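Peer 1: 3D model of this:
(one chain, ligands or ions: 1)
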Amino acid sequence: MGQDSKDSLFPHERVREEQDLLMSDVSQAIASGRSIICHAPTGLGKTAAVLGPALAYAIKNGLTVFFLTPRHTQHRIVLETTRLINERYRLSIKSVDIIGKRWMCPAVAGFTSSAAFADFCRSQREEGKCEYYSKTLSKGKLSLEARLVLKQLKNLGNVHAEQVAELCSNSDICSYEILLRLAKSATLVVADYYHIFNPSVSASFLSKTDKDISQSIIIVDEAHNLPGRVRELLTERLSTFMIGRAVKEAKRAGYRETLKLVKSIGNALLSLLPENVPECIINRDEFISRLSGLNDYKDIISNLRDIAEEVIKSQKESSIGAIARFLEVWAGPDEGFVRIISRGRSRFGEFTALSYNCLDPALATQGVLREAHSAVMMSGTLLPTELYRDILGFGEGVDEKVYKSPFPKKNRLALVLPLATTRYKARNPREFERIALICASIVNFVPGNSAVFFPSYYLRDQVNRFFSPNSEKTVFLEQPGMDKAERADMLSRFAGYAKQGAVLLGVVSGSFGEGVDFANNLLKCVVIVGLPLQQPDLQTKALIDYYDKKFSKGWDYGYVFPAFNKALQSAGRCIRSETDRGVLVFLDERYAWPNYKRCFPPDWNIKITRDYQGEVKGFFNT
Ligand code: SF4
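Peer 2: Predicted coordinates for the structure are as follows:
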């Protein structure tokens, strides 16, 4: 190990070379109060390499480590790593595992949004209607039962949020309130991105847990997700579906004035979009002025809010309240946002929607990242690192590091085939056939399962017309919007073909492109067809303009790099362990362009070739 193991609190006996490098870079960055962006491929053991040094420094200097993930499922490995550290170094580092209040609430479940749940919870507390809350706190102080549960949890040590929820529900206590108290004395807080990066949550979360960002080390796992998640957190929409639900709600409750008001808001929304226009950008006042005949804008919001408060006395959420929330946010700043009115179609039918879209995640991340003692961004796909440095708003005090994959190089063949393209101008049946024949001749040779990922279902279906007749393998077609059970079912049927081989035709942003674990070398080959670029819609165009003005890199930061990242994520499904072996094929001439080629992880040793058959055969025959 490159440094004293006590300084890094590494939980295992052996450390790999590249893991040691990561650990030492993280240690140095934290010790000097800098931040670090780490492109650290799958299998490197990132969690142990980053958590150890962060905890070691935090313990010595009285700081808190926030380990933030985009999914609850990733919390377990962090808690397990902490347990191993405690065991190995005979420490008793306190950790707390926090998931969203909405997922822990014993009182009620099934909300459509966190904001709706927050309204419900607040109103229940304020009106003394939540029996769990009343049993937990009285006049701001913990009840005897709550103190007993808290003591029990402290004795148990590092417990998962689910265990806390279970224990609390046995005593009819609000588990979220208990978790906040547990967090006060914890050195490690494992939470979701939004606990720290959602401005409407973080202030109260930090104050209730007695934490201070300047006294914290923030670790962001799977950090390639952070920009998109933060944009989503700061974005609000109002659709004709929501208006329809609010109309029903007002009718049901007999609020005639509110019914008129909601209908007028719906009409104002519809009047913004000219016929035969799919979407257009509008400004704040275009919508507000259409409501001016109804009442003062602020009064409209407060009327709707008052009615919503009444509604949630008898049902858990209010669509009228959702409209009030949207109107509040709509009046927000222009800089870093774009307002769009658009038509769309979903499985419930056609709709029109007004949206206030966040373009700039730095609006929520920059302040936190610059104020924190250190921030560590880590992911298996954070290339190019300067993209994340710039769009998250790091400024000068950040290191950028790219680590090598720990898996044997001989187990991976990565090819770029400049033999076709999915560029819009080149989309025609001949090109689709060319793509299909190349894909078929590759997957027919692969001794096992393959996946081919496309930029869209439309392109997938066009290519499949020529692919299926030429494929010797059973073809699985991913369907749009598959739920968890459907995905698991398809994956298990696909796994049944591991010996004879099958091919999954999916979409880069679909159900299998990211987050699905094709374990045990289930995929021997992944082909990425084209760059997953959609025809830029107004929001994407606004993003390109915005980053052009901010960094003179609109096209790259707003369009190409995010798409490239998705392609790498999908390609990453192939090799998940050091014994996995497989071929990654990028089929589009643009991948060979220098500006794109530099975004591939350097240790992939990408080969540009036309002799794909020779390369693939050579790889599998050795
Ligand atoms: S106070 Fe706790 S138990 Fe009550 S509604 Fe809110 S989260 Fe649920």
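Peer 1: ok, for the residue nearest the centre of the chain, nearest residue in space, not its chain neighbours?
Peer 2: In the chain, the residue lying closest to the centroid (Cα atoms, centre = their mean) is Asn225, at 4.1 Å. Closest residue in space to Asn225, ignoring its immediate chain neighbours: Pro70 at 4.7 Å, by Cβ to Cβ, 6 or more residues apart in numbering. In short, each C-beta sits where N, CA and C put it, glycine included.
Peer 1: what about the one you found, how many neighbours?
Peer 2: 19 (other Cβ atoms under 10 Å).
Peer 1: phi first, then psi, for it.
Peer 2: When quoted as degrees, to the nearest 10, the phi and psi of Pro70 stand at phi -80, psi -10.
Peer 1: ok, back up a step: how close does the residue nearest to the centre of the chain get to Phe205?
Peer 2: Separation of Asn225 from Phe205 (Cβ to Cβ, to the nearest Å): 20 Å.
Peer 1: could you chop this structure up by domain?
Peer 2: 5-93+187-232+362-402, 112-181, 236-358, 409-621 (automatic domain parsing).
Peer 1: ok, the first one near the ligand or not?
Peer 2: No: contact check for domain 5-93+187-232+362-402 against the ligand, using Cβ under 6 Å from any ligand atom: none in range, with a minimum separation of 12.3 Å.
Peer 1: report the distance from that domain to the chain centre.
Peer 2: 16 Å (Cα atoms, centre = their mean, to the nearest Å).
Peer 1: over to the longest one?
Peer 2: Going by Cα atoms, centre = their mean, the spacing between the C-alpha centre of domain 409-621 and its chain's C-alpha centre is 20 Å.
Peer 1: what about that domain, start to end distance?
Peer 2: 16 Å (Cα to Cα, to the nearest Å).
Peer 1: pretty sure Arg590 is touching Arg423, no?
Peer 2: Yes: Arg590 lies in contact with Arg423 (Cβ atoms under 8 Å); the separation is 7.4 Å.
Peer 1: of these two, who's got more company?
Peer 2: Arg590 (19 against 14).
Peer 1: pLDDT wise, what is the more buried one at?
Peer 2: Looking at Arg590, its pLDDT is 94.
Peer 1: before we move on, the earlier item: if I pick the residue nearest to the centre of the chain, what's in contact with it?
Peer 2: By Cβ atoms under 8 Å, 6 or more residues apart in numbering, the residues touching Asn225 are Pro70, Tyr193, Ser379.
Peer 1: show me what contacts the second one?
Peer 2: Spelled out, it's Tyr193. Tyr193 touches Leu68, Thr69, Pro70, Val220, Asn225, Leu226, Arg229, Val230, Leu233, counting by Cβ under 8 Å, 6+ apart.
Peer 1: let's go with 7 Å and repeat that
Peer 2: When contacts are counted by Cβ atoms under 7 Å, 6 or more residues apart in numbering, Tyr193 is found next to Leu68, Pro70, Leu226, Arg229.
Peer 1: again, but for Pro562
Peer 2: Taking Cβ under 7 Å, 6+ apart, we find Pro562 in contact with no residue.
Peer 1: Three-state assignment for it, please.
Peer 2: Here Pro562 is helix, with the state taken from DSSP: H, G, I helix; E, B strand; the rest coil.
Peer 1: next one: it from the ligand, what distance?
Peer 2: Computed as Cβ to the nearest ligand atom, to the nearest Å, the Pro562 to the ligand distance reads 35 Å.
Peer 1: now the nearest residue to Lys94 once chain neighbours are set aside. Its backbone dihedrals?
Peer 2: Residue nearest to Lys94 in three dimensions, not counting chain neighbours: Ala186, with 4.5 Å by Cβ to Cβ, 6+ apart. When read as degrees, to the nearest 10, the backbone of Ala186 gives phi -90, psi 140.
Peer 1: what's the distance between Ala186 and Ser92?
Peer 2: Between Ala186 and Ser92 the computed distance is 11 Å (Cβ to Cβ).
Peer 1: Val503 too?
Peer 2: Counting by Cβ to Cβ, the gap from Val503 to Ser92 is 51 Å.
Peer 1: then the host helix or strand of Lys549 to CSV, C-alphas only?
Peer 2: Secondary-structure assignment from DSSP states H and E places Lys549 in helix 538-551. In CSV, the C-alpha atoms belonging to helix 538-551 read as follows (Å, rounded to 0.1, in the frame of the first residue of the first chain):
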residue,chain,number,x,y,z
LEU,A,538,-35.9,23.0,-28.2
GLN,A,539,-34.5,22.1,-24.8
THR,A,540,-31.4,20.5,-26.3
LYS,A,541,-30.9,23.6,-28.5
ALA,A,542,-31.3,25.8,-25.5
LEU,A,543,-28.7,23.8,-23.7
ILE,A,544,-26.3,24.0,-26.6
ASP,A,545,-26.8,27.8,-26.7
TYR,A,546,-26.4,28.1,-23.0
TYR,A,547,-23.1,26.2,-22.9
ASP,A,548,-21.9,28.1,-25.9
LYS,A,549,-22.3,31.3,-24.0
LYS,A,550,-20.9,30.0,-20.8
PHE,A,551,-18.0,27.9,-22.0
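Peer 1: contact partners of it?
Peer 2: So helix 538-551 is in contact with 279, 281, 338, 340, 357, 359-360, 390, 536, 553-555, 557-559, going by Cβ under 7 Å, 6+ apart.
Peer 1: in it, what counts as buried?
Peer 2: For helix 538-551, burial by neighbour count (16 or more other Cβ atoms under 10 Å) applies to Leu538, Gln539, Thr540, Ala542, Leu543, Ile544, Tyr546, Tyr547, Lys550.
Peer 1: average pLDDT for that helix?
Peer 2: Mean predicted confidence for helix 538-551 is 97.
Peer 1: what is the neighbour count of the closest residue to the ligand within the stretch 501-622 of the chain?
Peer 2: Relative to the ligand, the nearest point of the stretch 501-622 of the chain is Gly515 (27.7 Å; Cβ to the nearest ligand atom). By the criterion of other Cβ under 10 Å, Gly515 has 14 neighbours.
Peer 1: quick one: the residue nearest to it when sequence neighbours are not counted from the ligand, how far?
Peer 2: In space, and not counting its chain neighbours, Gly515 is closest to Arg71: 8.0 Å by Cβ to Cβ, 6+ apart. Going from Arg71 to the ligand by Cβ to the nearest ligand atom gives 21 Å.
Peer 1: list the contacts for whatever residue of the stretch 151-300 of the chain ends up closest to the ligand?
Peer 2: In the stretch 151-300 of the chain, the residue that lies nearest the ligand is Cys174 (3.3 Å; Cβ to the nearest ligand atom). Cys174 makes contact with Tyr132, Tyr133, Thr136, Cys168 under the criterion Cβ under 7 Å, 6+ apart.
Peer 1: let's see it at 8 Å
Peer 2: Neighbour list for Cys174: Cys105, Pro106, Ala107, Cys130, Tyr132, Tyr133, Lys135, Thr136, Leu137, Cys168 [criterion: Cβ under 8 Å, 6+ apart].
Peer 1: of the contacts of helix 538-551, buried ones?
Peer 2: Glu279, Val338, Ile340, Asn357, Leu359, Asp360, Asp390, Lys553, Gly554, Tyr557, Gly558, Tyr559.
Peer 1: which residues of this structure lie near the ligand?
Peer 2: Lys101, Cys105, Pro106, Ala107, Cys121, Gln124, Arg125, Cys130, Tyr132, Tyr133, Cys174, Tyr176.
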